[in-house]
Every structure is written in structure tokens, then in C-alpha cells.
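# this one's sequence-less:
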Ligand SMILES: [Zn+2]
């Protein structure tokens, strides 16, 4: 079907396109199939970091903002026509006009947080947290009405909107967490509740005969967020194999496109307009890459496929060298800039999630490269290396973190987003939950299944895969300190000796592959095809060099393997609001803001995880030896050099 429709993006998606004719078995006709949540567990440094997050800002957010997390908005306090705007404890600076979105906001905060909590608890086998999650699951299922409705509106309001609302969005965030719980535990009661709940949506907003995205001409951020209900539909389809979920996802995207939206970047007309520049609230723009991807691949529609290709290219222009997309908070037609364009933690997460879907759909390694770049550099670089907290907004070149962007004067508005906080309640408690969602999201692309019989290590990091091949248990431990080291030891233990087809992605920066194994290369993957004994192993190493690369503005930066290196700027740490013992905000002011210029004759050397390089001191105009460290381990820093 529509074979020619994919020619537009055949250059972009170099590997095989999905055959949309095939009736999906369990996970559609995408190139790769996901393992259910829980099959891939973190190990090594990633596990340590996730455990620290659970002991820190991820595991304790409910104690820091109990009034937001415990608001029974899905239950006894569902919204009705006389509901008042909620007091969320924020300063409301930089928010859009109107207060309608404050009504549904707690649903996003608590559901995204629970989503992060559930996934981290299950992936870490954290028994007390799993118990706590179970109590939450029971409580939330208890709010479901007989007809299946599981959401935040009373009967008089639900499904009858013509203006801003959180109907689909409050469900998306909640159902994604419930789906994670079902996948991780196999709890059939939760799946039954979800089947009924999604059915209730599809009944009340019937396919092609309803107008769920009709939200008038005002601000409609909540309605637009609701387009990511396609995440739920995609997962329901993976679980059940029922094509109707995917058809409904296409309907939602088309209906979104046909209506007015204040967040119009991903609308078909916007994308196909040659003069259009991305301008919406960044988080919306990047999360909407997923509904568009699903709509394009499911329908095979030529226009949608073309639009997807254009949209991917447009997003690349808003993305900095660390893979971090403009999100401070509206894109406003700008291109990415290492010093000027800030990115929100939410946008980093949403774009990573969207690239994970594109990777699964296309099998194209370029999306794995993007995921690794964003996760290892941008996302790590927005975490505080010393305390359990994250930056709401951050720039690649970060010269101070005192609330505003690199010391910018911001009259009339009290900007507080450029600081590190375990909460960020003065703005919105959105980034902290999403900072807890990104590691589980990243992990799901570590192993994918191709053609039902090839195990593919796509995104690389320390992890343990536990699965079965033809009913025989198989465990593969990927022992590595990657990306801080480029050596891998795959420890394979099976129920018996078996022939396994195993692929490992060859990173685009890898100069040579060192291994004693026989292998062949295939579309950017290294294929090993041999008999593995029940206790076997596979050794692999990639060699690389320091690379000097250029961003969109021709500023230079240094990489070694998957990591970007930056010059840390010594800073004075200033503690801020204290939320609870061990949980506080931190600001940073530079001690000496000497910047450096690029020199092509720089004698760069990589040694012990650092790059030594000769750069030009902007004050003395003389060359100096400067030490660069992994970007993700810095607070204030210079990463690009003119
Ligand atoms: Zn956010």
C-alpha cells in the first residue's frame, strides 16, 4: 500500500520501511518491537543514578508538594461547572493568560509523577515503592465509573467542551502510568480497567463523528496536550494487537489538524506551509512529533508522510548541539543557539520519547544517535551533579544560574526557571516528574526485537535484559561504563545452548570495531550470528578520536565517543528555598567568567576521561591549556567556542 508515499522520507529513513499491509501481531508492523516494561533493567552507573533519584527528587515529590499530588481530582474532587481555579503555589510569571489550565494542572503533575514513580520502582525492583504504587493503583481504579469513565470531570462537563480543557490530557498522563503498571506486573484488573476507560473515550468521541479538538479560539494548551492520547492508543495496540486503536490515533491527529489550536506547530497546514517557522510552546511541539509519526505510519497517507519528514527537519533546527530543543517556553520562530536558547526539562524528555518512537518505527540508527546525545549530554547536563535537583530551564553555555538566562535583565517578570530545584513549584511542577520519566523512557530502546527473532542492542548503556526465546529463558547483561568508556562485555546466560541472532548498533563516531567475534555489518548494526552456550560472553570495543564538530551557528565543540566535553566554570553555590531536610534549591554565580575562543591548532588530547586543549583566552588573547570534562557533569560551563 502507498509504497510511493514513503519515497519522500526514504532518504531520511534509510532502513526498511514498515510494511503497513501486514496485520500487526502484537506490536504493529514497525521495524522494531518493544520489550514490555521490566524486561530491561538498569545496571551500573544508570542504576545508581536512578536509585539516587528514587531516594531523592523522584521518590519524594509527594512529600514536597503533598497538596498537588494528593488533590483527589480524579475522584471526589472532579471538576464541575462551578469549580474554581486551583491555588498551585506558583508565581504565575511567564504563564499564558487565562487561568483555565490551572484547573486540570494537578492531574498532569500527579499522573506524570506517578508514572515516573511506578516505572522507577519496577525497574529497580524497589519493593516498598512497588507496594506504595499498588496502593495508588487501587485508589485510582476505585474512582472509575460503571461506564468506564476514568478522568477528572463530573458528568455535566465530560466530553462536552468547546474551549480549553484537560479531558484527554488528564487521561493520557494517568493511563500511561497504568499501562506501565500493567506491563510491569501483568495485573489483569488494570488492563480491564484500561480497556473500559479507552472504550469510554472512543464511544463518547466517536471516530470521524466527533470533534474532540474543538476548543474555540482561545488558548488551548491542555486540549493540545491531549493529542498525546495517541501514546495510550499506541500502547493499547501493542498489548492487544487491535488495529482500531491505531485508526483512532489517526483520527485524533486529523481532528487536531482541522481545528484551531493555540499550539499549531504540528498541525498539517502549518507543517506544509513553506514559510511557517516553529513557534509554539516547545513541549507541545516535541510531544506532537509522536501523534504525527503514528498518523503518518498507520495511514501511509502521502501528505502526512511528507509532513513528518518536514517536521523532523524543522525540529533539528530548534535543537542545540547537546540535543536539547528550545523550550523557554515558546519557540517563537527561533533557531537553536548554544547561549541564547533555553530548554525546558520537559522538552528534553518529550523529544527523547518521540525519537524512541521514530526509532522503533523506522529502525533508523540516526534516531538512536539523537536519543543518546540528548540523554547523555542534554539531559545529564540539566541535572545537578552534586544534589538531587534539576534545572527547569538551562542553556548549553551556562554562565550563571540565578533565575534568569545567563544574567539577562528581565523587567516586569520574575524569572526563576534558571536554577536547580527538586520541585520548581514557583513555576510549575512539570519538569521534576518528567526528569523521573526520562531514564525509563531511555532504557526501553536499549534492546528491541526485529522480525520476532533478532535481539538488537540499539541504544547503549549498562543494563540487563531478561526474556525468553522460544520459551527458553535468556539473560544478557550488558556490562559497561558506556558512555564514559567504549568497552562492552555482554554476559549471556540461557536455559540451554542456543543459536541467537544478536545485533549491536555501531555508533556513528566509532572508527573501528574491536572484537574476536565474527560479524557482518548491516544498516549501521553489527550482526553476530552464532551458537551461544548456556554461559557465554561477547566482548566488543569501539575506538574513537576527539572530534571537533560544528553546531548550526558554526560554533565549535569537542566530542569523544558519545560524550560532549565542556569547560566547567568555577561557581559559588547559593542555597535557596528549603522544602524539607535534604531538599532545597540552588543558585550558582560564576567566580571568574573568562570565556575562550577556538583555535584550530589546539593540540587536543584525550586522557582519563578529560580533553586537554589549547584555546584562546578572550581577555589575554593568548592561548592557554584548558581542561574539558563531560558536559553532563558540569553546572556552569562553556561548551561551544567561536
Ligand atoms: Zn516542565
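Arrived safely. Just so it is clear, the model here is predicted, and its values are computed rather than measured. Numbering: from 1, shown residues only.
# now the end-to-end length of stretch 330-343.
The distance separating the two terminal residues of stretch 330-343, taken as CA to CA, to the nearest Å, comes to 10 Å.
# swap in stretch 222-230?
Taking CA to CA, the first and last residues of stretch 222-230 lie 15 Å apart.
# Check whether that stretch comes near the ion.
No. No part of stretch 222-230 sits close enough to the ion to count as contact by CB under 5 Å from the ion; the gap is at least 11.8 Å. For glycine as for every other residue, the C-beta is placed from the backbone atoms N, C-alpha and C.
# quick one: average pLDDT of that stretch?
Averaging the model's pLDDT scores along stretch 222-230 yields 98.
# how much distance is there from that stretch to the middle of the chain?
On the basis of CA atoms, centre = their mean, to the nearest Å, the separation between the geometric centre of stretch 222-230 and that of its chain is 16 Å.
# and for that stretch, what are the contacting residues?
Taking CB atoms under 8 Å, 6 or more residues apart in numbering as the criterion, the residues outside stretch 222-230 that touch it are 100-101, 104, 108, 161, 164-169, 171-172, 201, 212-213, 215, 249, 252-253, 256, 261-263, 266, 284, 287-288, 290-291, 294-295.
# domain parsing for this protein?
If the domains of the chain are taken from automatic domain parsing, they occupy 65-82+97-261, 448-543, 546-638, with pieces of a single domain joined by a plus sign.
# now, of the ones you listed, which is deepest in the fold?
Across the domains of the chain, the average number of neighbours (mean count of other CB atoms under 10 Å) peaks for domain 65-82+97-261, which reaches a mean of 20.
# okay, how far is it across that one, tip to tip?
One end of domain 65-82+97-261 to the other measures 31 Å (CA to CA).
# neighbouring strands for whichever strand or helix holds residue 490, and are they parallel or not?
Taking DSSP states H and E as the definition, one finds residue 490 inside strand 487-494. Under the criterion DSSP bridges, strand 487-494 sits next to strand 472-479 (antiparallel), strand 535-543 (antiparallel) in its sheet.
# Any chance of these in a markdown table with distance to the ion and mean pLDDT as columns?
As requested, the strands paired with strand 487-494 are arranged in a markdown table below (distance: least, CB to the ion, whole Å; pLDDT from 0 to 100):
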| stretch | distance to the ion | mean pLDDT |
| --- | --- | --- |
| strand 472-479 | 31 | 95 |
| strand 535-543 | 34 | 97 |
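# can I get those strands in JSON lines with distance to residue 126?
Supplementary listing: the strands paired with strand 487-494 in JSON lines, determined by distance: least, CB to CB, whole Å:
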{"stretch": "strand 472-479", "distance to residue 126": "20"}
{"stretch": "strand 535-543", "distance to residue 126": "29"}
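# can you tell me which of those strands comes nearest to residue 555?
Shortest separation from residue 555 across these is recorded for strand 535-543, at 26.5 Å, computed as CB to CB.
# quick one: low-confidence ranges for the stretch 51-200 of the chain?
91-98 (pLDDT under 70).
# Repeat that for the chain.
Residues of the chain that meet the cut-off, pLDDT under 70, sit at 1-29, 91-98, 412-413.
# which bits of it sit near the ion?
Of all the residues in the chain, those lying near the ion are 344, 346, 430, 431, going by CB under 5 Å from the ion.
# where's the third one relative to residue 393, distance?
Using CB to CB, to the nearest Å, we find residue 430 at a distance of 12 Å from residue 393.
# Kindly report the same for the first one.
When distance is defined by CB to CB, residue 344 is 6 Å away from residue 393.
# Compare neighbour counts for these two and give me the winner.
In this comparison of residue 344 against residue 393, neighbours counted by other CB atoms under 10 Å, the higher total goes to residue 344 at 29 against 26.
# now the more buried one, nearest residue through space, not along the chain?
Using CB to CB, 6 or more residues apart in numbering and skipping residues adjacent in sequence, the residue nearest residue 344 is residue 327, 3.6 Å away.
# Next, give phi and psi for the one you found.
Backbone dihedrals for residue 327, given as degrees, to the nearest 10, come out at phi -160, psi 50.
# can you pull the contacts of it?
With the criterion set at CB under 8 Å, 6+ apart, residue 327 makes contact with 281, 282, 283, 286, 342, 343, 344, 346, 347, 348, 393.
# Any idea how many residues pack against the fifth one?
Meaning residue 342. As a burial measure, residue 342 scores 28 neighbours (other CB under 10 Å).
# Please verify my assumption that it contacts residue 408.
No. In this structure, residue 342 is not within contact of residue 408 by CB atoms under 8 Å, at 9.8 Å.
# residues touching residue 51, list them.
With the criterion set at CB under 8 Å, 6+ apart, residue 51 makes contact with 124, 126.
# That one and residue 274, how far apart?
Plainly put, residue 51 is 49 Å away from residue 274 if you go by CB to CB.
# For the stretch 101-250 of the chain, which segments count as helices?
Along the stretch 101-250 of the chain, counting by DSSP state H, counting those that start in this stretch, helices occupy 127-141, 167-185, 188-204, 221-225, 229-240, 243-258.
# hang on, the earlier thing: can I get the domains of the chain in CSV including distance to residue 39?
Formatted as CSV, those follow (distance: least, CB to CB, whole Å):
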stretch, distance to residue 39
domain 65-82+97-261, 9
domain 448-543, 5
domain 546-638, 23
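# Quick test: name the residue nearest the centre of this structure.
The residue at the geometric middle of the chain, judged as the C-alpha nearest the mean C-alpha position with CA atoms, centre = their mean, is residue 349 (2.8 Å).
# re earlier: between the residues of the chain next to the ion, which is closest to residue 336?
Among these, residue 344 lies closest to residue 336 (CB to CB), at 13.5 Å.
# if I read this right, the closest one contacts residue 392, doesn't it?
Yes. Here residue 344 lies in contact with residue 392, judged by CB under 8 Å, at a distance of 6.4 Å.
# Common neighbours of those two, please.
Here residue 344 and residue 392 have 417, 431 as joint contacts, going by CB under 8 Å, 6+ apart.
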